[in-house]
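Engineer: fold the following.
(chains A and B)
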Number of protein chains: 2
Amino acid sequence: MELFVELGYGQTTVADIAERAGLTTRTFFRYFPDKREVLFQGAERLEQTMVEALLQTPDGASAMSAITSAIRAAGGYFVDIQAVARRRRDVIAMNAELRERELIKLAKLSASLAEALAQRGVDAVEARLAAETGMAVFRLAFELWLADGEHRRFDAIAADLLRRLARLVPVT
Amino acid sequence: MELFVELGYGQTTVADIAERAGLTTRTFFRYFPDKREVLFQGAERLEQTMVEALLQTPDGASAMSAITSAIRAAGGYFVDIQAVARRRRDVIAMNAELRERELIKLAKLSASLAEALAQRGVDAVEARLAAETGMAVFRLAFELWLADGEHRRFDAIAADLLRRLARLVPVT
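Structural biologist: Purely as a prediction, here's the structure:
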């Protein structure tokens, strides 16, 4: 992340990254297929973490409760990585291909949460709606968490947004 | 849209489009800066329509009511264009640059709705949350509206999703 910020993402090579990390490029490629994946390796694990938490919500819990469990689990994942997450955000913001990749990963996460809800017997449309609403909270919480001067933890911000959401909806 | 489907987006030239429409390329360029904007010209007007409807919601209406007005106004915009919207969706799905453009337009729409809510005195975070939640409903309604075999109007689908959302939230 340091190199992407210092040299620019486009100008950074795998050889640069390996050197900075004290690895051979061969070892780099054992962990990552290319330099782009350095930015997105966390996404798969985050998705697993969230889907597992969702599936482990007690039977009979509502779709939104299950989504809330998933968001709370993401909070556990985001502890102590705020500084690197801010740099990552800035790197992604400067590159159209990375922005698209990020948006696609988020769409995939939403689809996986909807699928996990459907596995729990939630109607398909309701599953999509709960997942998309949860992702709206997730994305906004993530953005606020990385804002300058924000000192709350991700899960505190997400819990605040979920409370606000409950006040906003239903439409009266 | 016919040409984009027939020839592929990448293979279609402005000259092809002008010829099919019985125009000179000079006239084409009076309406569109490039071929890509043929697919996105509607987005600006849609945004205006939605923002105006939001701002015209009676004072004292909740943030979600104002967002609901905006979504309902989009429904008026989407009448009688389902066939062309389906073709447009298929063209966009096949091209990474167009997919990114579409996602960026949707993000811009969400930001504009949040800004309009803030103009009405809604707290900034609440405005973003209401706009993002509304956009979750909007995007899902749009997707369902274009699904094969769907015969309901956009606004009927959106109204159904808003009712479902009211049942899903609050989390208990």
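
Engineer: how many residues are close by A:Arg153?
Structural biologist: Neighbours of A:Arg153 under the rule other CB atoms under 10 Å in any protein chain shown: 16. C-beta here means a position set from N, CA and C on the backbone, and glycine is covered the same way.

Engineer: with chain B as the reference, measure out to it.
Structural biologist: 16 Å (CB to the nearest CB, to the nearest Å).

Engineer: could you do A:Glu102 as well?
Structural biologist: Distance, A:Glu102 to chain B, using CB to the nearest CB: 10 Å.

Engineer: for that residue, what are its contacts?
Structural biologist: Contacts for A:Glu102 were tallied using CB atoms under 8 Å, 6 or more residues apart in numbering or on different chains; they are A:40, A:92.

Engineer: could you redo the last one with a cut-off of 6 Å?
Structural biologist: Counting by CB atoms under 6 Å, 6 or more residues apart in numbering or on different chains, A:Glu102 touches A:Ile92.

Engineer: name the residues of the helix or strand hosting it that are buried.
Structural biologist: Using DSSP states H and E, A:Glu102 sits within helix A:96-119. By neighbour count on 16 or more other CB atoms under 10 Å in any protein chain shown, the buried set for helix A:96-119 is A:98-106, A:109-114, A:116-118.

Engineer: figure out how far it is from the centre of its chain.
Structural biologist: Taking the mean of its C-alpha atoms, helix A:96-119 sits 9 Å from the chain's own mean (CA atoms, centre = their mean, to the nearest Å).

Engineer: domain ranges for chain A, per the record?
Structural biologist: Domain segmentation of chain A under automatic domain parsing yields A:1-39, A:40-168.

Engineer: export those domains to CSV and tack on distance to B:Thr24?
Structural biologist: Formatted as CSV, the domains of chain A follow (distance: least, CB to CB, whole Å):
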stretch, distance to B:Thr24
domain A:1-39, 40
domain A:40-168, 32
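
Engineer: I figured A:Met64 hits B:Arg167, correct?
Structural biologist: No - using CB atoms under 6 Å, A:Met64 is not in contact with B:Arg167, being 9.5 Å away.

Engineer: neighbour count winner among those two?
Structural biologist: A:Met64 (25 against 13).

Engineer: report pLDDT for the more buried one.
Structural biologist: Looking at A:Met64, its pLDDT reads 93.

Engineer: just A:Ala107 next, same as before
Structural biologist: 89.

Engineer: give me the pLDDT for the residue nearest to A:Leu46 when sequence neighbours are not counted.
Structural biologist: Counting by CB to CB, 6 or more residues apart in numbering or on different chains, A:Tyr77 is the residue found nearest to A:Leu46 once chain neighbours are left out, at 5.5 Å. pLDDT, A:Tyr77: 89.

Engineer: what do you get for A:Ala136?
Structural biologist: 94.

Engineer: still on that earlier bit, burial of the residue nearest to A:Leu46, as a residue count?
Structural biologist: Look at A:Tyr77: counted by other CB under 10 Å, it has 16 neighbours.

Engineer: lovely, talk soon.
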